[in-house]
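Asker: Everything below, folded, please.
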Amino acid sequence: MKDIKFPVNFQFKIGTLANDFIATDATGKIVAYVRQKMFKLKEDIEIYSDESRTKINYSIKADKWLDFSAAYAFYDERNQGFGKIARKGWRSIWKAQYEIIDQHNQLQYNVNEENGWVKVLDSILGQIPILSFFTGYLFNPSYLVTDIRGKAIVRLKKSPSFFGRNFELSKVGEMDADDDDRIMLGLMMMILLERNRG
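Answerer: Have a look, this model is predicted:
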């Protein structure tokens, strides 16, 4: 996923049984087609170059069975691991927090939900039958990726929608050329875990 033109849009497909979405850059070019394998006890995600699904560029695999604090490892087309994203367990109850780890198992980036109240209000109103229909339009979480010095790199924000799930990834700082794949894959995995909110 080199030379990506920001912003990048993640658009979930409506009406399919699979949990899948298309990522397109600012020019409309398909950057990736992401598909989550169904009925797996451990998360297994495949990232294709396009919707034809002829070439797998990356895969993401969970290190544990369905678990609140699982880590999700990134693999390239040669099945070589090059990092992972991990949810920060109980800290994510109030607002989502993740860590992106490099191939040497060192913390490289933090992903933090910017406003925890969005999650709280979405959870409360989502339980009310009529109001739950509007939560997808009213409550739109955003997530900021920062490096270990706290410098902002990219922001992922859910767009208002009643039925679909659309996210926009915008660049707010500079990232190392070697890290763009790790950041993109980390955020792709995160929205598969967080997508049912809002």
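Asker: what is the mean pLDDT for stretch 111-122?
Answerer: The average pLDDT within stretch 111-122 is 69.
Asker: what sits against the residue nearest to residue 173 when sequence neighbours are not counted?
Answerer: Spatial nearest neighbour of residue 173, excluding adjacent residues (C-beta to C-beta, 6 or more residues apart in numbering): residue 153 at 4.6 Å. Yep, even glycine has a C-beta here, placed from its N, CA and C like the rest. Each residue near residue 153 by C-beta atoms under 8 Å, 6 or more residues apart in numbering is listed here: 109, 145-147, 171-175, 183.
Asker: now the helix or strand encompassing residue 153, how far from the chain's geometric center?
Answerer: Per DSSP states H and E, residue 153 falls inside strand 152-159. Put simply, strand 152-159 sits 10 Å off its chain's centre (C-alpha atoms, centre = their mean, to the nearest Å).
Asker: just checking, next helix/strand downstream of that strand?
Answerer: Immediately after strand 152-159, counting by DSSP H and E, sits strand 166-171.
Asker: List the buried residues in the longest helix seen in the chain.
Answerer: If you go by DSSP state H, the chain has its longest helix at helix 180-194. For helix 180-194, burial by neighbour count (16 or more other C-beta atoms under 10 Å) applies to 180-194.
Asker: What of stretch 77-85?
Answerer: Neighbour-count burial for stretch 77-85 [16+ other C-beta under 10 Å]: 82-85.
Asker: next one: stretch 153-168
Answerer: In stretch 153-168, counting by 16+ other C-beta under 10 Å, buried: 153-159, 165, 167-168.
Asker: Between the buried residues of helix 180-194, which sits nearest residue 60?
Answerer: residue 189 (5.2 Å; C-beta to C-beta).
Asker: quick one, what contacts the closest one?
Answerer: 43, 45, 60, 72, 85.
Asker: do residue 186 as well
Answerer: Residue 186 makes contact with 74, 83, 85, 98, 100, 109, 111, 145 under the criterion C-beta under 8 Å, 6+ apart.
Asker: would you list the residues you listed in a markdown table and tack on secondary structure and distance to residue 2?
Answerer: Converted to a markdown table, the contacts of residue 186 look like this (DSSP: H, G, I helix; E, B strand; the rest coil; distance: C-beta to C-beta, whole Å):
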| residue | secondary structure | distance to residue 2 |
| --- | --- | --- |
| 74 | strand | 15 |
| 83 | strand | 16 |
| 85 | strand | 20 |
| 98 | strand | 23 |
| 100 | strand | 18 |
| 109 | strand | 18 |
| 111 | strand | 21 |
| 145 | strand | 18 |
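Asker: filter the contacts of residue 153 to the buried ones?
Answerer: 109, 145-147, 171, 175, 183.
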